[in-house]
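Asker: sharing a sequence plus its predicted fold:
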Amino acid sequence: MHCSQTIVITGVTRGLGRALTEKFADLGHVVAGCGRDENRLSELRDKPGSPHSFQSVDVLNGPAVGNWAKFVLKQYGTPDFLINNAAIINKNNSLWKVPEEEFSKVIDSGLKGTANVLRAFLPAMINVGRGIIINFSSGAGRIGFPQIAPYCAAKWGIEGLTKALAQELPRGMAVIPLSPGPVNTEMLQSTMGEKTATNYHSPKEWVERAAPFILNLTPADTGKSLSVY
Ligand SMILES: NC(=O)c1ccc[n+]([C@@H]2O[C@H](COP(=O)([O-])OP(=O)(O)OC[C@H]3O[C@@H](n4cnc5c(N)ncnc54)[C@H](OP(=O)(O)O)[C@@H]3O)[C@@H](O)[C@H]2O)c1
């Protein structure tokens, strides 16, 4: 068993972020999470509850992310792990039929949202020269899938951003683009359909492998495109 780690996660209200949050809390780690769905945030404030914290933050809102980071850093100190999990996918559609606004939202949530979180937390983490950052990528960030071109573009962007950042961070820190593989969440159901999505692991099954995998990442892994299925 690891000693208690402080773990910041975006997108904790459902899917992989929620499953990781519940697993990390069960393992005795402390989670500071964010999302937008107030009802689900309130469930998390009941269980696992304190000493964890769950705040309503839209990662697209830079000033709100900045305030959240100030609160987290003051309350818990610099995180051991920072997990950029929040993202959205476009409704299945050929690229030329995806409305401009939807295209922007997919790119912004995945890429600019991650950059906002990094901008807010990195100075403190670099200051102590410690911490592992995980940016959620996807198979869609390594090959192309039809009908989800905006999402592929966002995830290829995550891979590039992460590999560039890996060369900027001091030794002792790491930033890793991590693909979770297909897991039966609302996001997978949106692109594959609910029936096909049931062929894949549930978030609760996936997290049994993913949580220890993440906790075992080290500075030697920085910049590597990794996957946990
Ligand atoms: N499931 C898969 O098969 C799969 C495969 C490859 C990669 N991934 C990646 O894994 C990560 C998690 O995916 P998932 O399947 O768990 O998706 P999901 O079920 O749709 O959950 C997405 C989470 O992100 C949050 N979120 C979205 N936009 C946000 C914003 N602007 N600000 C704050 N939170 C936001 C959502 O919460 P709110 O709505 O409450 O804000 C929700 O908690 C994503 O990065 C995804 O691209 C998933």
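Answerer: That came in fine, so what should we check first?

Asker: can we go C-alpha only for contacts and neighbour counts from here?
Answerer: Noted.

Asker: dump the residue contacts of the residue nearest to the spatial centre of the chain.
Answerer: Centroid-nearest residue in the chain: residue 85, 1.2 Å away (criterion: Cα atoms, centre = their mean). Under the criterion of Cα atoms under 8 Å, 6 or more residues apart in numbering, the neighbours of residue 85 are 9-11, 16-17, 135-136.

Asker: filter the residues you listed down to the ones close to the ligand.
Answerer: Filtering those for neighbours of the ligand using Cα under 6 Å from any ligand atom leaves 10-11, 16-17, 136.

Asker: most neighbours among those residues, please name it.
Answerer: The residue in the ones next to the ligand among the contacts of residue 85 with the most neighbours, by other Cα atoms under 10 Å, is residue 10 (27 neighbours).

Asker: partner residues bridging that residue?
Answerer: Here residue 10 sits in beta bridges with residue 34, going by DSSP bridges.

Asker: contacting residues for it?
Answerer: So residue 10 contacts 17, 33-35, 59, 83-86 (Cα under 8 Å, 6+ apart).

Asker: so what touches the top helix by length along the chain?
Answerer: In the chain, with assignment by DSSP state H, the single longest helix is helix 149-166. Defining contact as Cα under 8 Å, 6+ apart, one finds that helix 149-166 is touched by 88-90, 94-95, 103, 106-107, 110-111, 135-138, 140-145, 174-177, 222-225.

Asker: need the buried ones from those residues selected in ChimeraX.
Answerer: Buried residues among these (16 or more other Cα atoms under 10 Å), as a ChimeraX selection:
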select :89,90,103,106,107,110,111,135,136,137,138,140,141,174,175,176,177,222,223,224,225
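
Asker: all strands of the chain, in order?
Answerer: Ranges of strands within the chain are 6-10, 30-35, 53-56, 81-84, 131-136, 173-179, 226-227, based on DSSP state E.

Asker: same for the second one, what does it pack against?
Answerer: It refers to strand 30-35. Counting contacts by 3 or more Cα pairs under 8 Å, 6 or more residues apart in numbering; DSSP states H and E, strand 30-35 is packed against strand 6-10, helix 15-26, strand 53-56.

Asker: now swap in the fourth one and tell me
Answerer: Using 3+ Cα pairs under 8 Å, 6+ apart, the elements in contact with strand 81-84 are strand 6-10, strand 131-136.

Asker: now mean pLDDT and distance to residue 42 too, for these, in JSON lines please.
Answerer: Below are the helices and strands packed on strand 81-84 laid out as JSON lines (pLDDT from 0 to 100; distance: least, Cα to Cα, whole Å):
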{"stretch": "strand 6-10", "mean pLDDT": "98", "distance to residue 42": "15"}
{"stretch": "strand 131-136", "mean pLDDT": "98", "distance to residue 42": "24"}
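
Asker: does the longest helix of the chain come close to the ligand?
Answerer: No. Judged by Cα under 6 Å from any ligand atom, helix 149-166 stays clear of the ligand, getting no closer than 7.3 Å.

Asker: who touches residue 124 in this structure?
Answerer: 73, 78.

Asker: do the same with residue 91
Answerer: Residue 91 neighbours (Cα under 8 Å, 6+ apart): 147-148, 190-191.

Asker: can you say which of these are buried?
Answerer: By 16+ other Cα under 10 Å, the contacts of residue 91 give 147-148, 191 as buried.

Asker: which residues of this protein lie near the ligand?
Answerer: So far as Cα under 6 Å from any ligand atom goes, the chain lies against the ligand at 10-17, 35-37, 57-60, 85-88, 109, 136-138, 179-188.
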